[in-house]
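Chemist: With the input below, show me the fold.
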Amino acid sequence: MASQYSPATQSNPLTVGQWLRKARLHKGMALRQIASILGIDQSHLGKYERDDRVLTLSQAASFAAAYQVSVAELKQRIVTRQVIEACEGDTDLAEAALGRVGEDAPAYRVNNPANNPASTALVQPSPGQM
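Modeler: Numbers count the residues shown, from 1 in each chain. Modelled structure (predicted):
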């Protein structure tokens, strides 16, 4: 695999779509080439690069491979967009919420059924409790 390119810096923030487009142009690839790799229509891909469509975390690996960028960085950018949108554009709230992630994450891991299959068991009431 070719080396990965990271087109944004702290002083030059980019949206997910802008970031992907800049990476593609840096590699000298046409939109149709990336669309062909992904197996999607060129116009559909253009919507992602214009931020008219939102990438999901489940799409990150295939898009990162096609654009030859880091999967981890692409996922971080997708989540950043989701957090900012959930905070209705309030970046102070988004930054404060993200600051709590490390502190609060253990509580969510323990209570997340995906991480604790025993918590998904249904508790059946005894006949006297009905």
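
Chemist: use CA for all of it now, contacts and neighbours both
Modeler: OK.

Chemist: Okay, buried residues for the single longest helix found in the chain please.
Modeler: Across the chain, the longest stretch assigned as helix under DSSP state H is helix 91-111. Judged by neighbour count (16 or more other Cα atoms under 10 Å), helix 91-111 contains these buried residues: Ala94.

Chemist: Same question for stretch 64-81.
Modeler: Using 16+ other Cα under 10 Å as the test for burial, stretch 64-81 gives 64-71, 74-75, 77-81.

Chemist: with those in mind, which one is nearest to Asn12?
Modeler: The closest of the buried residues of stretch 64-81 to Asn12 turns out to be Arg77 (Cα to Cα; 13.7 Å).

Chemist: Excluding chain neighbours, what is closest to that closest one?
Modeler: Val16 (6.0 Å; Cα to Cα, 6 or more residues apart in numbering).

Chemist: Name the surrounding residues that touch the helix or strand harbouring Ala64.
Modeler: For Ala64, the host element (DSSP states H and E) is helix 60-67. Taking contacts as Cα atoms under 8 Å, 6 or more residues apart in numbering, the residues outside helix 60-67 that touch it are Leu20, Ala23, Arg24, Ile34, Ile37, Leu38, Ser70, Val71, Leu74, Lys75.

Chemist: How about stretch 86-101?
Modeler: Residues outside stretch 86-101 that contact it (Cα under 8 Å, 6+ apart): Val83, Ile84.

Chemist: Swap in 6 Å and give it another go.
Modeler: Residues from elsewhere that reach stretch 86-101, judged by Cα atoms under 6 Å, 6 or more residues apart in numbering: Ile84.

Chemist: ok now that stretch, how far from the chain's centre?
Modeler: When distances are taken as Cα atoms, centre = their mean, to the nearest Å, stretch 86-101 is centred 16 Å away from the chain's centroid.

Chemist: and it, C-alpha only, in CSV?
Modeler: What follows is the C-alpha trace of stretch 86-101 in CSV, where atoms were taken according to Å, rounded to 0.1, in the frame of the first residue of the first chain:
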residue,chain,number,x,y,z
ALA,A,86,-25.1,16.6,18.1
CYS,A,87,-24.0,19.8,19.9
GLU,A,88,-25.8,21.9,17.3
GLY,A,89,-22.6,23.6,16.3
ASP,A,90,-21.7,24.6,19.8
THR,A,91,-17.9,23.9,19.7
ASP,A,92,-17.5,24.8,23.4
LEU,A,93,-20.0,22.1,24.4
ALA,A,94,-18.4,19.7,22.0
GLU,A,95,-14.9,20.2,23.4
ALA,A,96,-16.3,20.0,27.0
ALA,A,97,-18.1,16.7,26.2
LEU,A,98,-15.1,15.2,24.5
GLY,A,99,-13.0,16.1,27.5
ARG,A,100,-15.3,13.9,29.6
VAL,A,101,-14.8,10.9,27.3
